[in-house]
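# any chance you can model this:
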Amino acid sequence: MTVETRRRQIEDVASALFHENGYAATSIRDIARALDLQGASLYSHVSGKEDVLSAIVDRAAGRFEASLAEAEARADVDGSSAADRLAAIVRAHARLVAAEPELASVFVTEWRHLTGERRAAILARRDAYEARVRAVIADGMAAGQLAMTDVAVAAAFVLSAVNGIATWYSPAGRLSPDDLAERYADLTLRALTEDHR
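Next up, the predicted model:
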């Protein structure tokens with residue numbers, strides 16, 4: 001087994017444990033036990049539990065960023081409206097959360113355990129991602145495609161709703177990631193376009 005393969009195996013097992021039990025309640029010994037390794041063997045691949053968390057969060061952030069960039073690029077090629085671009089972003093984000101709920105869950109909730117530069121770096125990436133969603137919402141409002149509201153609150157509403165999928169979604173359930181993504185995109189547009197007074 002290559003070093004990269006073993007490292008990914010460690011991250012995948014840790015991600016499942018962090019998702020199930022939380023970062024704070026999971027020890028390096030728990031991760032080693034799940035891999036049928038001695039703690040010392042695990043330390044030959046990682047420097048500590050935060051190192052593993054950082055790698056998981058970094059991988060998840062990269063997946064979300066790539067998914068967002070792909071949705072934006074496709075929308076740009078299609079000449080989509082801001083409302084259509086927002087729906088595409090929600091679809092891409094929801095599809096990724098539903099396809100990898102453990103990874104998404106760790107990214108959404110456990111990143112807070114990172115410290116120092118690692119925490120600052122992931123916060124900057126999260127802020128940049130949210131800023132891109134805010135920009136699309138602001139464009140939609142300016143074009144009259146989305147209802148006028150607080151842009152920051154609207155972005156937080158959308159991202160919180162889509163990130164919440166990781167807490168309840170089961171791949172064995174009745175909705176595929178694609179089906180769920182369509183429903184979330186539809187709900188998002190309804191929430192931000194219809195007059196609910």
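# please make it C-alpha for all contacts and neighbour counts, starting now.
OK.
# low-confidence ranges, this protein, go.
By pLDDT under 70, the low-scoring segments of the chain are 1-3, 39-40, 195-197.
# number of nearby residues for the residue nearest to residue 182 when sequence neighbours are not counted?
The shortest distance from residue 182 to any non-neighbouring residue, by CA to CA, 6 or more residues apart in numbering, is to residue 91 (6.1 Å). Residue 91: 27 surrounding residues under other CA atoms under 10 Å.
# which helix is the longest one in the chain?
The single longest helix within the chain, with elements called by DSSP state H, is helix 49-78.
# go through stretch 117-137 and flag the buried ones.
Buried residues in stretch 117-137, defined by neighbour count with 16 or more other CA atoms under 10 Å: 118, 122, 125, 129, 132, 133, 134, 135, 136, 137.
# render the CA-only coordinates of it in PDB, please.
Backbone C-alpha positions of stretch 117-137 (Å, rounded to 0.1, in the frame of the first residue of the first chain) are rendered in PDB as follows:
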ATOM      1  CA  GLU A 117      -3.000  29.200  10.600                       C
ATOM      2  CA  ARG A 118      -5.100  26.200   9.700                       C
ATOM      3  CA  ARG A 119      -8.200  27.700  11.100                       C
ATOM      4  CA  ALA A 120      -7.500  31.100   9.600                       C
ATOM      5  CA  ALA A 121      -6.900  29.500   6.200                       C
ATOM      6  CA  ILE A 122     -10.200  27.600   6.200                       C
ATOM      7  CA  LEU A 123     -12.100  30.600   7.400                       C
ATOM      8  CA  ALA A 124     -10.700  32.600   4.500                       C
ATOM      9  CA  ARG A 125     -11.800  29.900   2.100                       C
ATOM     10  CA  ARG A 126     -15.300  29.600   3.600                       C
ATOM     11  CA  ASP A 127     -15.700  33.400   3.500                       C
ATOM     12  CA  ALA A 128     -14.600  33.500  -0.200                       C
ATOM     13  CA  TYR A 129     -17.000  30.800  -1.100                       C
ATOM     14  CA  GLU A 130     -19.900  32.600   0.700                       C
ATOM     15  CA  ALA A 131     -18.900  35.900  -1.000                       C
ATOM     16  CA  ARG A 132     -19.300  34.200  -4.400                       C
ATOM     17  CA  VAL A 133     -22.800  33.000  -3.400                       C
ATOM     18  CA  ARG A 134     -23.600  36.500  -2.100                       C
ATOM     19  CA  ALA A 135     -22.500  38.100  -5.400                       C
ATOM     20  CA  VAL A 136     -24.900  35.900  -7.400                       C
ATOM     21  CA  ILE A 137     -27.700  36.700  -5.100                       C
END
